[in-house]
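Peer 1: quick one, fold the following:
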Amino acid sequence: MAQRGVNSKGVKALLEAEAKAAEMVKVARNEKVQKMKQAQKLAADEIERFKTQKQAEFTSQATTNEGTGNVDSVQIQKDTDEKLKALEVSVKENQEAVIKTLLDIVVKVDMVIHENYVVPA
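Peer 2: Next comes the predicted model:
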C-alpha cells in the first residue's frame, strides 16, 4: 500500500506540473497576441508617418514645379504670338497675288477640244 501512496503522489505531482505548464503556455500565448497587436499598431503608425511625409514631399514638389510650368507656358505663348504675327505678315504680302492667281484660273477658260473626242461622221 505504501507503493500506491507514492504513485498517487507522483501522479498528483505530474497533474500539478501539467496544469502549471498549461497555465504557462496560456500566458505565453496571451503575451504573443499582445505583442502582435502592438507590432501591428506600430507598423500602422509607421505607415501613416511615411504616407504623411511622402504627401508633404509631393505637395512641395508640385508647388515647385507649378512655378516652372508658368515660365514654360509664358514662353510657349510668346513663341505662338511671334509665329502668328509672321503668318499675318505673310498673308498681307501674298494676299493680292493669291487672289489674282485664283481669279485667273477661274475666269480664264481655254476652249480646247479634248484629245479623245471623236467628231461624229
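Peer 1: from here on, just use CA atoms for contacts and neighbour counts.
Peer 2: Fine.
Peer 1: which element is the most centrally placed residue in the chain on?
Peer 2: Among the residues of the chain, the one closest to the centroid is Phe58, at 12.0 Å (C-alpha atoms, centre = their mean). Using DSSP states H and E, Phe58 maps to helix 2-107.
Peer 1: elements contacting that helix?
Peer 2: Here helix 2-107 touches no other helix or strand, going by 3 or more C-alpha pairs under 8 Å, 6 or more residues apart in numbering; DSSP states H and E.
Peer 1: now do that helix: distance to the chain's middle.
Peer 2: 8 Å (C-alpha atoms, centre = their mean, to the nearest Å).
Peer 1: start at 52, not 1
Peer 2: New numbering, starting at 52: the last item is helix 53-158.
Peer 1: give me the mean pLDDT for it.
Peer 2: Looking at helix 53-158 alone, the average pLDDT works out to 89.
Peer 1: check which helix or strand His165 maps to.
Peer 2: Short version: His165 belongs to no helix or strand, going by DSSP H and E.
Peer 1: can you check the pLDDT for it?
Peer 2: According to the model, His165 scores 88 on pLDDT.
Peer 1: now swap in the one 4 residues further on and tell me
Peer 2: The score at Val169 is 89. That number is its pLDDT.
Peer 1: assign a three-state SS to it, would you?
Peer 2: With DSSP: H, G, I helix; E, B strand; the rest coil as the basis, the three-state label of Val169 is coil.
Peer 1: ok, it - contacts?
Peer 2: Contact analysis of Val169 by C-alpha atoms under 8 Å, 6 or more residues apart in numbering lists nothing.
Peer 1: need phi/psi at it.
Peer 2: Main-chain dihedrals, Val169, degrees, to the nearest 10: phi -110, psi 130.
Peer 1: how far away is it from Lys134?
Peer 2: Distance of Val169 to Lys134, computed by C-alpha to C-alpha, to the nearest Å: 54 Å.
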